[in-house]
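Asker: Below: sequence and its predicted model.
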Amino acid sequence: MIERTVQLRYTPHPLRDATAWLIASPDPADWLQAIAACGAQTQIAVRLLMIPGERYSQTVGGAFLFLPENARGDLRPLQAAAKCVPYGKVGKRLFVPIEATFDPALSPEELQTILAADLTYVWHPAAGLIGFEADDVWQSADFLEAGLAVDRRWDRATAGTQLAPKLRSLAPSEPPGIEIVLQQGKGDIGSESEELGNRPPDADRPQPGLGHSIQWFGLKVLGAGLAGLSALGGALAAGAGSTAGGAAGGNRPGPQPSGSGGPSWLQRLESWMSERLAGLDQALLSEREKAIQKLMGLLDSDPDEGLKYALPLGGRAGRGIAPPGSRLSSNDVNFNMNRLGGGGGPGDAWNLDWETQQKLTARYRELANRELRLGRYRRAAYIFGELLNDISAAASALEQGEHWREAAVLYRERLKQPLAAARCYENGGLWTEACQLYEEIDEFEKAGDILTRLEQHEEAKAQYRKEVVKRRSRGELLAAARLLELKLDAVDEAVEELESAWPATSQAGPCLQEMIALLGRHARHDAAGTRLRKLRDETVPHPIRIKQIEIIAEASASYPDRRVQAQAADDTRVLASRMLKGGSVIDSSRVLDAVRKVAPEDRLLARDCTRFDEARNARAPLPTLKSSRLQRTAELIHQFQIPWKALRWKSAVSSANMIFAAGVFHGHLKLFRYGFDGNLAPQQFSPNRQSQFSDPEILLAVNGNHPDFVVIHPFGGPPIADAFEFPETNRIAYRTRAGSLPGMTGNLCGAAHSGQDLVWLLEFRNQSPTLIGVRTGGEIAVTETLDIDFHTVALPLNESRFVPMFANGRMVYIGAGERLCAYRQGVLQHKLELDQPIYQLAGTLPNTRSRVAVAMERGGVVFWDDAPDGKRERFSTQMSHPQIVFNRGGLLISASGRTGEVYSTHDTKLKLEAELEFSGNVVAVASDISPNRFSVLLESGEIQQFLVSG
């Protein structure tokens, strides 16, 4: 009997339904999070198997989730979870990936004879075929444990003095850099350099043929020698001729070619060799084309085998120059820092045409994404770093695979991102290196946290003190107070820090609220009562007084002492009555809401507050910009001026109840954050203080609902290295960080936030348009090389502007010249040719009916339901390069120069609802927190807010 080994082969299309899922993560928290996305019945019925990370490994690399026979449940929600690979069932006891087939083919009966009857089998691409007994099956409840119930409180205990005789830390005298890491992986490279000339060819490297190499080298050397000899003969002839002519007084002819004016024998020999070399080069190119086609086929049919022979596309140098060959050599498909640094054997450069490079690049990125999904991060890093020369993606893959030191070295030495490097050192337990790096980049709190883990408490306190000074210098008093209380146990200093913010700073409200909460946490109820009495008797401006009333009303419901609660309720009523009697309250509804909160069970009080508010607001007509031929109006309800006269405004975006505006001031970037009512001092951020720009376009991208992070990038400039945090203020209850995402480069062409946890970046990598999905935490989720002509995408770049982009969930729209391309997860879904270049894209928020608007040189077009090739209508046909946005109510606002138009888009119908004129030229339009409002940023720095009514 002939025995054959059964193997799995990859197929491009699913062969079976997904009935189980592999979660490629060793963290049980990820397993439980994925299970939590399923229904309660599924959470109870699901079973788990522990999968090793690699063959013969004892460490857990992931969990396999399936449902027993006849169990009720639905695992389909797992397809939306990260790091999940679908599996299907073959026979009764074997699970394999849905795209896998057997080689050789097996029938179900043959499988039953091979597999043991009492085991359940999972075939993992890396770990192989794994058998599980009944005792190996886990339930989700096995990973949960109830806490120990106690009837005592331990949150007021004070740690006593304890000696720690154990070793605190071990650290190298000098943290290893990229040179040391490369040296450690060098092996015997260069150890026999003197004998290099006598070294035989590598045994494991396929040779192009000895005869071919001899011919090629021999002819090259002989051709060079003949060319030199010919040049020398000509020079000698010329010299002899000039000498003889001078002596005889006439022109004596030099050496002439044989015959009557024909070429010499040297020239004929040189011409023959040139023809011979050209023939050899053409034959070599033909053989290389065949090898590339064979590689493409192998990558499609057997990716694992094809990767061993994959051709690097840039960035990797070798030791010298190898004889030109036509066969690809086999490589180790695991990432190796030594090869990335230029080690290895002699290099044979292959010149590929642009189309072939694009095909290889796209296929390599598909395989890299596959390796990420399977949890094989070193292989993914090999593809990114060594085949694609995408160092940023390689570092991210190594970080996801917890190869911390290598990821840190790449971040620090190659990408110049010390914060990401320090994060990798910290996560990998390399605390000494992480602490030193955090100190270098002024991240003192993180350095203090590491020193606390190392039980170096005095050094940690010194770092926390530095962080307090840094926060205080930035005006972040709330953050400074939290450090004093939680990290330094300096409660009195924290109270003083919070007290100093009232009432003249932008953080006065949040600091007052935190101070009352702090006094409650530490049972300082008498001090809290005294502070509330002082607040009732103080005189402060009306805007901050409203915030004061809201904070005191909140204390009446949440403070942990009934006596203080009663006092806060009485103070709320007194302060509210004083303000409402004065008659000058702009936002009376907020004051009345605070009064309702004092006694939420009193229905009569709530009714009286509503009646009072309706009667008061009936007397306040709003200015209007009304069109005579349209039924609806656009009312100017608020405007305020940003006090920066010499600043050139570039862009603006909105999120929640705030607007972010960016511009250039004397060559430096400025980012401002404002509340929509404008009643707060501007918060500004000046990134890249050492970099100057002439007058670049500025890209801004933010989640429209949760302003946790704002991506900011100047056209053609470097990434923003010094990320900044906007703290909470009296009017804005959000902390927002601004800067660049990890992995961003200076080749950024466009960006768009998906509205979820994903930011889509468009960059040129290896001269190819590449779409990169980056999670807000910095992890690269997917990379795809786009099938877009380079020159088409470069059209806006040649005009020094970003490529228009918009994202909604997993759909990404890109305006490439006159072409609109729609991608889902990096795969092209639609392509639409328009009659004008695209200048801007805008769309509706997630969880609403999808509508996308395209702004062009003249007017624009809008379409519905993610279908550019479906129904579409034009708008603003008389406007030049309009600025567009969809507000929360689905209204499309278009503005150009000093004019604007408002359209409704309901029921797949586009209708002009209102027209308006502005007091200056419009730079950007932004949505608003209300479904009937929008805002505009003018060139003068004025922000105007409008209400669409009627």
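Answerer: Perfect, thanks for sending it.
Asker: Quick check: Asn747 touching Arg765?
Answerer: Yes. Using Cβ atoms under 8 Å, Asn747 is in contact with Arg765, at 6.8 Å. All C-beta atoms are positioned from the backbone trio N, CA, C, and that covers glycine.
Asker: neighbour count winner among the two?
Answerer: Arg765 (22 against 13; other Cβ atoms under 10 Å).
Asker: And the more buried one, how far from Glu514?
Answerer: From Arg765 over to Glu514 the distance is 45 Å, taken as Cβ to Cβ, to the nearest Å.
Asker: Repeat that for Ile838.
Answerer: Distance of Ile838 to Glu514, given as Cβ to Cβ: 47 Å.
Asker: which is the next helix or strand following the worst-scoring helix or strand of the chain on mean pLDDT?
Answerer: Within the chain, no helix or strand scores below strand 625-626, which has a mean of 40 by mean pLDDT, DSSP states H and E. Counting by DSSP states H and E, the next helix or strand C-terminal to strand 625-626 is strand 633-641.
Asker: What residues of the helix or strand that that next one is followed by count as buried?
Answerer: With elements assigned by DSSP H and E, the helix or strand that comes after strand 633-641 is strand 648-655. By 16 or more other Cβ atoms under 10 Å, the buried positions in strand 648-655 come out as 649-655.
Asker: elements contacting strand 648-655?
Answerer: strand 658-665, strand 698-702, strand 922-927, strand 933-938 (3 or more Cβ pairs under 8 Å, 6 or more residues apart in numbering; DSSP states H and E).
Asker: contact partners of it?
Answerer: With contacts defined as Cβ atoms under 8 Å, 6 or more residues apart in numbering, strand 648-655 is touched by 659-665, 676, 695-707, 710, 923-928, 935, 937-939, 941.
Asker: quick check: angle from that strand to strand 933-938?
Answerer: Using axes from the mean of the first three to the mean of the last three Cα atoms, to 10 degrees, one finds that strand 648-655 and strand 933-938 are set 160 degrees apart in direction.
Asker: Now, of the contacts of strand 648-655, which are buried?
Answerer: The buried subset of the contacts of strand 648-655 - by 16+ other Cβ under 10 Å - is 659-664, 676, 696-704, 706-707, 710, 923-928, 935, 937-938, 941.
Asker: mind checking which helix or strand the one residue sitting closest to the centre of the chain is in?
Answerer: Centroid-nearest residue in the chain, with Cα atoms, centre = their mean: Val774, separated by 2.7 Å. Under the criterion of DSSP H and E, Val774 resides in strand 768-775.
Asker: What strands flank that strand, and is each parallel or antiparallel?
Answerer: In the sheet, strand 768-775 lines up against strand 758-765 (antiparallel), strand 780-785 (antiparallel) (DSSP bridges).
Asker: In PDB, could you pull the C-alpha coordinates for the first one?
Answerer: In PDB, the C-alpha atoms belonging to strand 758-765 read as follows (Å, rounded to 0.1, in the frame of the first residue of the first chain):
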ATOM      1  CA  LEU A 758     -11.100  52.300  12.500                       C
ATOM      2  CA  VAL A 759      -9.300  55.100  10.700                       C
ATOM      3  CA  TRP A 760      -8.600  54.500   7.000                       C
ATOM      4  CA  LEU A 761      -5.400  55.900   5.700                       C
ATOM      5  CA  LEU A 762      -4.300  56.300   2.000                       C
ATOM      6  CA  GLU A 763      -0.600  56.300   1.600                       C
ATOM      7  CA  PHE A 764       1.900  55.700  -1.200                       C
ATOM      8  CA  ARG A 765       4.000  52.700  -0.100                       C
END
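Asker: so that strand versus strand 698-702, what angle?
Answerer: Using the same axes, to 10 degrees, strand 758-765 lies at 150 degrees relative to strand 698-702.
Asker: how many other residues sit next to the residue nearest to Val85 when sequence neighbours are not counted?
Answerer: Spatial nearest neighbour of Val85, excluding adjacent residues (Cβ to Cβ, 6 or more residues apart in numbering): Leu22 at 4.4 Å. For Leu22, the neighbour count with other Cβ under 10 Å is 27.
Asker: Also the one 5 residues further on?
Answerer: By the criterion of other Cβ under 10 Å, Asp27 has 13 neighbours.
Asker: Look at it and report its pLDDT.
Answerer: We have a pLDDT of 86 for Asp27.
Asker: and the gap between it and Val782?
Answerer: Plainly put, Asp27 is 20 Å away from Val782 if you go by Cβ to Cβ.
Asker: now the stretch 1-150 of the chain, which segments are flagged as low pLDDT?
Answerer: By pLDDT under 70, the low-scoring segments of the stretch 1-150 of the chain are 1, 56-57, 80-82, 147-150.
Asker: All the strands of it, residue numbers only.
Answerer: Secondary structure of the stretch 1-150 of the chain (DSSP state E, counting those that start in this stretch): strands at 7-10, 20-23, 47-52, 60-66, 84-90, 94-97, 100-103, 120-124, 128-132, 138-139.
Asker: Relative to the third one, what are the paired strands and their orientations?
Answerer: Sheet neighbours of strand 47-52, with direction, are listed as strand 60-66 (antiparallel), strand 138-139 (antiparallel) (DSSP bridges).
Asker: where along the stretch 251-400 of the chain do the helices fall?
Answerer: 265-301, 303-308, 337-340, 354-374, 377-382, 391-400 (DSSP state H, counting those that start in this stretch).
Asker: Can you flag the weakest of the ones you listed by average pLDDT?
Answerer: The minimum mean pLDDT among those belongs to helix 337-340 (a mean of 62).
Asker: how about the nearest residue to Pro503, chain neighbours excluded?
Answerer: Per Cβ to Cβ, 6+ apart, closest to Pro503 is Val540, 4.6 Å.
Asker: go on, Leu48?
Answerer: Among residues not flanking Leu48 along the chain, Trp138 sits closest, at 4.3 Å (Cβ to Cβ, 6+ apart).
Asker: if I look at the residue lying closest to Val90 once chain neighbours are set aside, how far off is Asn369?
Answerer: The shortest distance from Val90 to any non-neighbouring residue, by Cβ to Cβ, 6+ apart, is to Val96 (5.7 Å). Distance, Val96 to Asn369, by Cβ to Cβ: 20 Å.
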